[in-house]
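Chemist: here are the coordinates; sequence isn't available:
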């Protein structure tokens, strides 16, 4: 059976592969499809889709590029991510809402740069943008910037010392609720998926409470097949999906060298997302 990967990032957010390079790598990996789900941006979709269409004229094995996004939301003080698959990334309403995200993000990034400068890091927002042009700046970019200049010995140190939650240079960003994210994706014709629920480290009762709430608001799927899930965690997530009549989704959460232990298609080496999962998603969307 063919494999798919429904959670992938490019250098338009915090990955290191260009959208076109992802198409080439997905072909090398033998994927039949992958979803480009950059954080809060659709800037890489046109490049990936156009490039794949061009290659497919000569090679029918080129994988389908699924237009997607990963929205950052907040629920009871926790970061909750909602993946959207098969979104209309040209929707004017959708794009306008994303522009509002960008404005909020810019303000936050300027504040974080000021705090880092106070802690001895020679950084400005302009320097950060110059180093990572055409990207949605995330904390991974700050870490890479500091690593490139010798302020830290590895990426993890940046989060432990400077920009991790509750660290001195961290500034929280204004976020929408998961319900708002689901509505955005539905209005753009997409399929909203709760991403990597086990990473939120909630109690079983609290996680089920979240899933039940989001299902009422139109959530259509849950990411049960995920790089870091244990077999028990996958079974638990599948059980939740069944109880609330949700689709199963799955993906590696590939970021290139920013997550060097996580590879496209196979995660830490054993991940396999069967194409049947995507077939069910397509059926539901229709």
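Modeler: On my side now, so go ahead. Everything numeric in this text was worked out from a predicted model, so none of it was measured.
Chemist: just the helices in this structure please.
Modeler: 19-28, 45-56, 92-118, 125-131, 139-148, 155-158, 178-187, 204-216, 231-243, 275-285 (DSSP state H).
Chemist: mind giving me the packing neighbours of the last one?
Modeler: With contacts defined as 3 or more CB pairs under 8 Å, 6 or more residues apart in numbering; DSSP states H and E, helix 275-285 has these neighbours: strand 3-8, strand 31-36, strand 191-194, strand 247-251. C-beta: built from backbone N, CA, C; applies to glycine.
Chemist: cool, and the second one?
Modeler: In this structure, helix 45-56 makes packing contacts with helix 19-28, strand 64-75, judged by 3+ CB pairs under 8 Å, 6+ apart.
Chemist: for the spatially closest residue to residue 207 that is not a sequence neighbour, give me its contacts.
Modeler: Distance criterion CB to CB, 6 or more residues apart in numbering; nearest residue to residue 207, sequence neighbours excluded, is residue 197 at 6.0 Å. Residues in contact with residue 197 (CB atoms under 8 Å, 6 or more residues apart in numbering) are 207, 210-211, 222-223, 237, 240.
Chemist: roughly how far apart are residue 197 and residue 237?
Modeler: 6 Å (CB to CB, to the nearest Å).
Chemist: overlap in contacts of those two?
Modeler: Joint contacts of residue 197 and residue 237 (CB under 8 Å, 6+ apart) are 222-223.
Chemist: so which residue is dead centre in the chain?
Modeler: Central residue of the chain (CA atoms, centre = their mean): residue 70, 4.2 Å from the mean position.
Chemist: contact partners for it?
Modeler: Residue 70 makes contact with 7, 9, 13, 37-40, 81-84, 195, according to CB under 8 Å, 6+ apart.
Chemist: so for it, what's the pLDDT?
Modeler: Residue 70 is assigned 97 on the pLDDT scale.
Chemist: can you pull the contacts of the residue nearest to residue 59 when sequence neighbours are not counted?
Modeler: Using CB to CB, 6+ apart and skipping residues adjacent in sequence, the residue nearest residue 59 is residue 27, 7.5 Å away. Neighbour list for residue 27: 55, 59, 61-63 [criterion: CB under 8 Å, 6+ apart].
Chemist: contact partners for the residue lying closest to residue 82 once chain neighbours are set aside?
Modeler: Leaving aside its chain neighbours, residue 82 sits nearest to residue 181 (4.0 Å; criterion: CB to CB, 6+ apart). By CB under 8 Å, 6+ apart, the residues touching residue 181 are 71, 73, 82, 84, 192.
Chemist: residues in contact with residue 192?
Modeler: 82-84, 181-182, 185-186, 218-221.
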